[in-house]
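Enquirer: next come a sequence and a model predicted from it.
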Amino acid sequence: MMPLKSKETCEGSDACKDTLDSLIRLIGDPDKAKSRVQKLCALMKEIDEEESSSELDIFKAVADPSRLRILKLLREGELCVCEIMTALSIRQSVTSHHLSVLKDAGLVKERRDGKWSYYRLSDGAVIELLKQARVLKGK
């Protein structure tokens with residue numbers, strides 16, 4: 001089955017017809033199935049219009065164990081790159097790469113002081129994100 005597209009391109013498309021045919025088989029009621037397909041098309045349009053790429057950047061950034069550990073370290077406040085690399089026992093270049101990914105995702109902010117770079121969480125929402133992950137997991 002082809003994925004649904006937004007409402008403007010969905011109606012009459014092969015994906016829409018495939019979805020409708022599948023739902024008619026599953027639900028048994030063609031009118032109800034058509035109504036559900038229209039709702040699904042509207043939902044897909046909303047999803048397509050959202051800034052999904054920024055959400056993906058965030059989830060990709062926290063999916064890496066080292067980056068997640070960095071975020072947990074930064075919950076306690078600002079740290080220098082040298083402190084982070086020492087705490088995690090990883091090379092400076094690897095640490096800088098991880099911090100760059102976190103910064104690009106908007107999860108951390110950088111402050112330069114001469115040749116030193118200090119990082120902190122971008123705001124309290126990052127701490128809340130970590131808390132919610134534990135709640136979702138049930139711990």
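Expert: Sure thing, it's come through. Numbering: from 1, shown residues only.
Enquirer: can you pull the pLDDT of residue 125?
Expert: Listed pLDDT for residue 125 reads 89.
Enquirer: quick check, it in a strand?
Expert: No: under DSSP: H, G, I helix; E, B strand; the rest coil, residue 125 falls outside any strand and is assigned helix.
Enquirer: how far away is it from residue 136?
Expert: Distance of residue 125 to residue 136, computed by C-beta to C-beta, to the nearest Å: 16 Å. Yep, even glycine has a C-beta here, placed from its N, CA and C like the rest.
Enquirer: between these two, which has more neighbouring residues?
Expert: Set residue 125 next to residue 136 and count neighbours by other C-beta atoms under 10 Å: residue 125 wins out with 12 against 8.
Enquirer: and that one, how close does it get to residue 106?
Expert: Residue 125 sits 10 Å away from residue 106, going by C-beta to C-beta.
Enquirer: same deal with residue 61?
Expert: Distance from residue 61 to residue 106, by C-beta to C-beta: 9 Å.
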